[in-house]
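> Sequence and predicted model, in that order:
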Amino acid sequence: MRSTILFVFVASSLLACADKPPQTVATLPSSTSPRPLAIHSIPASTVTRDVRFTADSLQVYATAEAKSSRGGGGFMGILSGGGGSSASTTPSSQLPGSAEVSSSEMIEIEARFSVQCDSVNACADAFRTLVQTSGGRTTSDESSTNKETDVTFAVRVPAERFESFVGGLHHIGAVQGRDVKRRDVSKEFHDTELLLHERDAARERYEELLKAAKDVKETMEVEQQLDRLRTEIDRIKSDMAWFKDRVASATITVRFFPSATSEDAVFAPSATLFPAVRATMLFDLRSESQRNGYVGGGLSVQFKPFGRALTFDIDIARSAIADKPTVSDYAYIFLTGFDLYSELLGGGRRKLLNPFIGFRAGYAITNGSGDFAFGGVVGVDIVKTKAVMLDLHAKVLGLVGNDAGPHVMVGPELAFSFAF
């Protein structure tokens, strides 16, 4: 009876052992720990991993494997995650810092506008003020050389203020052209940030390899890889900073150009002929005992091929002041010449008080005698617009050629010119 019970107990134990799943045994990659580790009921897909190395890391791995029999787990343990443990199965999305990857939209804004103005310079000044009040900055400010009739700006404005900035632009002038582009760079930034985390992780592993290096050759090989990784990490960080800057501030290009009626418009109708009428007062200084004064008027025709004007003048005046002429009461003067503005004093571009100088030459008849006349004028444009001009100038002429001898004629003139 006892033999039968013992037989049944042994048979049951053998059947129970036969029903258990086989144990999978994993050993450390080093000879320092010969004790097997039993891992119960773990799927083979979890234990067996497809480990891949780049061409760069294979060279270091081979060096590490040659030394793995010395000093414990060695390089093999470091490459597998450190300290002889199995390789890490952490996915790239769970790398350190990956939780900080921005999930919100990152929109890059680029815009171009064309704005028509009655006064380009006034619009440009108002635009500079708008950029400052919007918290932006100007990266380019270019104007044409033809009296600044065309001005182009490139500015960076905080993205959150883009719409209000565009609204302010409509108050400066008439927006004739608009091109706004919005590009979502979220995926590019996300991919770049993940790449940075991966390179940082690789750098940390190579730094551990550097600490475990056994000779100069291994040290130089690892430092070479570290240098490459650090350079790549710096480049990736630069790309990320560029993405952030492009998203944080909108890039806006604005061109201001004149309307057809603007004074700045180079393509607007432009007058080249300016008739003028003048009020004249002349003093003929023949000698200390003979000084004749004349009052009269004149006509001028002014052209604008260069400088202020090319001028043809005719003056007729009658003796009315000081000594009376002995032969004739009338003076007739026929002159031609040109006037020039000073670039140091505004170049004639102001509406008020533009100084100028000029040269005159021609023929004059005074007291019944004819003389060759030459001299100059000095004056100022009191008011100057596109259509009219009022100027005050002084004329000084030397008269030579008659039998009475040379003499001088001076006097002020007030001229009113209008465009034709």
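Nice, I can see it.

> buried ones in the strand or helix carrying Arg318?
Under the criterion of DSSP states H and E, Arg318 resides in strand 309-322. Within strand 309-322, the residues that count as buried by 16 or more other C-beta atoms under 10 Å are 309-311, 313, 315, 317, 319. The way it works is simple: take the backbone N, C-alpha and C, and place the C-beta from them, glycine included.

> List the contacts of that strand.
Residues outside strand 309-322 that contact it (C-beta atoms under 8 Å, 6 or more residues apart in numbering): 274, 278, 280-283, 291-304, 325, 329-339, 358, 360, 362.

> Paired strands for it, with orientation please.
Counting by DSSP bridges, the strands paired with strand 309-322 are strand 291-303 (antiparallel), strand 330-341 (antiparallel).

> now the shortest one: mean pLDDT?
So that's strand 330-341. The average pLDDT within strand 330-341 is 90.

> And stretch 353-360, by the same measure?
The average pLDDT for stretch 353-360 rounds to 90.

> Report the buried residues of it.
For stretch 353-360, burial by neighbour count (16+ other C-beta under 10 Å) applies to 354-356, 358, 360.

> Take the strands paired with strand 309-322 and write them to a markdown table, including distance to Val380.
Below are the strands paired with strand 309-322 laid out as a markdown table (distance: least, C-beta to C-beta, whole Å):
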| stretch | distance to Val380 |
| --- | --- |
| strand 291-303 | 16 |
| strand 330-341 | 10 |
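
> and of those, who's closest to Val151?
Closest to Val151 of the strands paired with strand 309-322 is strand 330-341 (C-beta to C-beta; 22.7 Å).

> And the next helix or strand past the closest one?
Following strand 330-341 toward the C-terminus (DSSP H and E): strand 352-366.

> Okay, now the sheet partners of the next helix or strand after that next one, with direction.
The C-terminal neighbour of strand 352-366 among helices and strands, as given by DSSP H and E, is strand 369-384. Strand 369-384 has the following strand partners under DSSP bridges: strand 352-366 (antiparallel), strand 388-400 (antiparallel).

> SS state for Glu105?
Here Glu105 is coil, with the state taken from DSSP: H, G, I helix; E, B strand; the rest coil.

> how many neighbours does it have?
The local packing of Glu105 (other C-beta atoms under 10 Å) involves 10 other residues.

> So what does the residue lying closest to it once chain neighbours are set aside look like in phi/psi?
Spatial nearest neighbour of Glu105, excluding adjacent residues (C-beta to C-beta, 6 or more residues apart in numbering): Ser186 at 5.5 Å. As for Ser186, its main-chain torsions (degrees, to the nearest 10) stand at phi -60, psi -50.

> Would you agree Ser186 is in contact with Thr192?
No: counting by C-beta atoms under 8 Å, Thr192 is not a contact partner of Ser186; they are 10.8 Å apart.

> For the buried residues of stretch 353-360, could you give me a markdown table that also reports distance to Phe418?
Converted to a markdown table, the buried residues of stretch 353-360 look like this (distance: C-beta to C-beta, whole Å):
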| residue | distance to Phe418 |
| --- | --- |
| Asn354 | 17 |
| Pro355 | 21 |
| Phe356 | 18 |
| Gly358 | 19 |
| Arg360 | 22 |
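
> from those, which two are the most distant?
Asn354 and Arg360 (19.1 Å).

> List the buried residues for stretch 175-195?
For stretch 175-195, burial by neighbour count (16+ other C-beta under 10 Å) applies to 185-186, 189, 192-195.

> next one: stretch 363-383
For stretch 363-383, using 16+ other C-beta under 10 Å, the buried residues are 364-367, 369, 371, 373-377, 379, 381.

> ok, so of these, who is nearest Gly173?
Set against Gly173, the nearest of the buried residues of stretch 363-383 by C-beta to C-beta is Asp381 (28.2 Å).

> Now the closest one. Nearest residue, chain neighbours left out?
Using C-beta to C-beta, 6+ apart and skipping the chain neighbours, the partner closest in space to Asp381 is Asn354 (4.1 Å).

> With Phe243 instead?
With sequence-adjacent residues excluded and distances taken as C-beta to C-beta, 6+ apart, Phe243 is closest to Phe189, at 4.8 Å.

> quick check, the one you found in a helix?
Yes: assessed with three-state DSSP, Phe189 lies in a helix.

> Show the contacting residues for it.
So Phe189 contacts 102, 106, 240, 243-244, 247 (C-beta under 8 Å, 6+ apart).

> Before we move on, what's the pLDDT of it?
Listed pLDDT for Phe189 reads 89.

> what do you get for the one 5 residues further on?
Listed pLDDT for Leu194 reads 92.

> Please apply the same query to Phe303.
The model reports Phe303 with a pLDDT of 80.

> in the sheet, who's paired with it?
Here Phe303 sits in beta bridges with Leu273, Leu310, as judged by DSSP bridges.

> residue contacts, it?
Contacts for Phe303 (C-beta under 8 Å, 6+ apart) come out as 272-274, 309-311.

> what's the neighbour count on the nearest residue to Thr366 once chain neighbours are set aside?
Residue nearest to Thr366 in three dimensions, not counting chain neighbours: Ala331, with 4.7 Å by C-beta to C-beta, 6+ apart. Neighbour count for Ala331, taken as other C-beta under 10 Å: 22.

> mind checking how far Ala331 is from Ile321?
12 Å (C-beta to C-beta, to the nearest Å).

> what about the strands in the stretch 151-300 of the chain?
In the stretch 151-300 of the chain, the strands defined using DSSP state E, counting those that start in this stretch lie at 151-158, 174-184, 249-258, 273-285, 291-303.
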